[in-house]
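**Q** I'll drop the sequence and a predicted model, then ask my questions.
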Amino acid sequence: MNAHEAEILAGVLEDAGWTPAPGPDEADLVVLLTCGVRDTAEQRALGKMGELKRWKLARPGRLLAVGGCVPQQPGAVERLSAAFPHVDVVFGPPNLHRLPALLETALATGQPVLEILDDSGAIPDDLPVRREGKVRAWVTIIHGCNHGCAYCIVPAVRGRERSRQPRTILDELSGLAGDGFREAVLLGQNVNNYGRDLPAEGRRVDFGDLLAQADQVEGLARIRFTTSHPANFRRRFLEVMAGARRVCEHLHLPAQSGSDRVLRAMGRGYDRAQYLELLKQVREVLPGAGVTTDLIVGFPGETEEDFEDTLCLVEAARFDGAFTFLYSERRGTRAAAMPDQVPPAVRGERLARLNRLQNQISLELSQSLVGSTQEVLVEGPSDRNPARWAGRTRTNKLVTFPAGAARPGDLIEVRITLARTWTLEGEAGGKRS
């Protein structure tokens, strides 16, 4: 989400006459886009704000702006302005489109400009976007979240769910295809609730309808989406995916825990059995689909038995991959005030055990693909070895292969020859498109 908002900010600034600088030393403006979902991300952002004081003072006239989720948190503006008086502009996600105007005010007055708007308003749909490359593009379909999980700060900083109009989304997808993009990723904190807040004109358009319509956009090779909420995922969405040509067979379904007691305390809206039933439906309707998840270790009150339930869930689910996190206390959430906070050392030990188990499962699933031929969308040179190129399968596996005639955006066939935990290696074959 932040990566896409950075693209919007770049587009808005360029539209206002700002041009990208080669680096901070040459820049007149630095915009720090923060994430406040976890404490580690917020602490990194705060540290960077402090580091940038030297940059700001090194040359008169430089501007420092701070946006994203951290300033949007209740009471954050006062804390930031007191701790970092060298910051010129503070803004949040609802008013990122106003950054050029806020910068003009800061320049004209020589005073800090702090503008945090209510997070329930409409966000303009026609903002310019400066995207890098021509392979993958992110398209927001819904803002905010209605769930209010006990550990999560998102509803406080992103507001309640607000869906974009389907016609606007489809027009954006068509424009991306016309610009040469090959893959579009539909974004939202909970894409499965798309359309529920839109006025019904006849039958209300839901996420399944949007997927089916997006699949008809000519020129795109692939469509993905993230993130889903297990409590709101419907079998009909899977059936739409199964009948779609462009929608990829990959689902990110955050489980967060395998313990019913912890899931209730988190306020997730489902239990272990319901989650496993959803996975069963996924594998019935979409055989071979890739499934990844999020898991939190050390939620307040989590016992060893609760953690063992999470390990059992991972063994039963056999996820392709998992983003695993130590529980992070967030000011203003229900979980921060809960008793029985798990000691950091216990959290760390449990995370290590969880990662060992998931890494073994991921390796086994990757090894099962050796000898198979996979459709890969070429992204470009590998970050680790420019002599090899990289791309992703429809199930979102990262594949590298020797550089050859393939170019970014090509769909090619790759025969898998080697599997590692998180990546596959192969030999490039014929081009599909």
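**A** Arrived safely, thanks for sending.
**Q** mind listing what's buried in the helix or strand containing A322?
**A** Secondary structure assigned from DSSP states H and E places A322 in strand 321-326. For strand 321-326, a neighbour-count test (16 or more other CB atoms under 10 Å) marks 321-322, 324-326 as buried. (Each C-beta comes from the backbone N, C-alpha and C, glycine too.)
**Q** which among the residues you listed gets closest to L253?
**A** Taking CB to CB as the measure, L253 sits nearest to A322 out of these, at 10.6 Å.
**Q** on that earlier part again, in a markdown table: the buried residues of strand 321-326, plus distance to R235 and pLDDT.
**A** Below are the buried residues of strand 321-326 laid out as a markdown table (distance: CB to CB, whole Å; pLDDT from 0 to 100):
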| residue | distance to R235 | pLDDT |
| --- | --- | --- |
| G321 | 24 | 98 |
| A322 | 23 | 98 |
| T324 | 28 | 98 |
| F325 | 29 | 97 |
| L326 | 34 | 96 |
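**Q** quick one: which of those is nearest V217?
**A** For the buried residues of strand 321-326, the nearest to V217 is G321 (28.1 Å; CB to CB).
**Q** The closest one contacts T292, doesn't it?
**A** Yes. Counting by CB atoms under 8 Å, G321 touches T292, with 4.6 Å between them.
**Q** residue ranges with poor pLDDT in the stretch 51-200 of the chain?
**A** 119-123 (pLDDT under 70).
**Q** Just the strands from it, written as ranges.
**A** Using DSSP state E, counting those that start in this stretch, the strands of the stretch 51-200 of the chain run over residues 63-68, 89-91, 113-115, 136-140, 142-143, 162-163, 183-187.
**Q** if we can go back for a sec, counting contacts, what elements does the next helix or strand after the strand holding A322 pack onto?
**A** Where DSSP H and E defines the elements, the next helix or strand beyond strand 321-326 is helix 344-367. Here helix 344-367 touches strand 290-297, helix 304-317, strand 321-326, strand 411-419, going by 3 or more CB pairs under 8 Å, 6 or more residues apart in numbering; DSSP states H and E.
**Q** The third one: partners in the sheet, and parallel or antiparallel?
**A** Just to be clear, that refers to strand 321-326. Strand 321-326 has its sheet partners listed here by DSSP bridges as strand 290-297 (parallel).
**Q** Put together a markdown table for the strands of the stretch 51-200 of the chain, with mean neighbour count on each row.
**A** Converted to a markdown table, these look like this (neighbours: other CB atoms under 10 Å):
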| stretch | mean neighbour count |
| --- | --- |
| strand 63-68 | 23 |
| strand 89-91 | 24 |
| strand 113-115 | 18 |
| strand 136-140 | 21 |
| strand 142-143 | 24 |
| strand 162-163 | 20 |
| strand 183-187 | 20 |
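**Q** so what's K53 closest to, chain neighbours aside?
**A** Counting by CB to CB, 6 or more residues apart in numbering, the nearest residue to K53 once its immediate chain neighbours are dropped is H86, at 4.8 Å.
**Q** Number of residues surrounding R388?
**A** Other residues lying near R388 total 15 when counted by other CB atoms under 10 Å.
**Q** Can you report phi and psi for it?
**A** Main-chain dihedrals, R388, degrees, to the nearest 10: phi -120, psi 150.
**Q** My guess is it contacts F401. True?
**A** Yes. Contact criterion CB under 8 Å: R388 and F401 qualify, at 6.3 Å.
**Q** Return the residues in contact with the residue nearest to P85 when sequence neighbours are not counted.
**A** Excluding the flanking residues, the one nearest P85 by CB to CB, 6+ apart is P112, at 7.2 Å. Taking CB atoms under 8 Å, 6 or more residues apart in numbering, we find P112 in contact with 81, 85, 87-90, 106.
**Q** Equivalent analysis for W138, please.
**A** Per CB under 8 Å, 6+ apart, neighbours of W138: 3-4, 7, 184-185, 187.
**Q** quick check, nearest of those residues to T333?
**A** L187 (22.9 Å).
**Q** can you tell me how far the closest one sits from V139?
**A** Remark: distance between L187 and V139 (CB to CB, to the nearest Å) = 6 Å.
**Q** Which neighbours do the two have in common?
**A** In contact with both L187 and V139: H4, using CB under 8 Å, 6+ apart.
**Q** Pick the one among the contacts of P112 closest to E305.
**A** Distances from E305 to these, taken by CB to CB, are shortest for V90, at 44.6 Å.
**Q** Quick check: that closest one touching L103?
**A** No. Counting by CB under 8 Å, V90 stays clear of L103, with 11.8 Å between them.
**Q** and for the two, which residues touch both?
**A** Between them, V90 and L103 share the contacting residues 65, 113, judged by CB under 8 Å, 6+ apart.
**Q** Helices along the stretch 1-150 of the chain, start to end?
**A** 2-15, 39-58, 69-72, 76-83, 99-109 (DSSP state H, counting those that start in this stretch).
**Q** from those, which stretch is densest packed?
**A** Highest mean neighbour count among those (mean count of other CB atoms under 10 Å): helix 69-72, with a mean of 25.
**Q** so what's G67 bridging to?
**A** L33.
**Q** I'd like the distance between it and E26.
**A** 21 Å.
**Q** go on, R331?
**A** 37 Å.
**Q** and the two? which has more neighbours close in?
**A** Remark: of R331 and E26, R331 carries more neighbours, 16 against 8, as counted by other CB under 10 Å.
**Q** and the nearest residue to the more buried one once chain neighbours are set aside, how many neighbours?
**A** Among residues not flanking R331 along the chain, Q73 sits closest, at 7.0 Å (CB to CB, 6+ apart). Residues lying near Q73 (other CB under 10 Å) number 21.
**Q** ok, Q73 to L96 distance?
**A** From Q73 to L96 the distance is 16 Å (CB to CB).
**Q** Does A65 touch V31 like I think?
**A** Yes. The pair A65 / V31 is scored as a contact, 4.7 Å apart, by CB under 8 Å.
**Q** which neighbours do those two share?
**A** With CB under 8 Å, 6+ apart, A65 and V31 have common neighbours L99.
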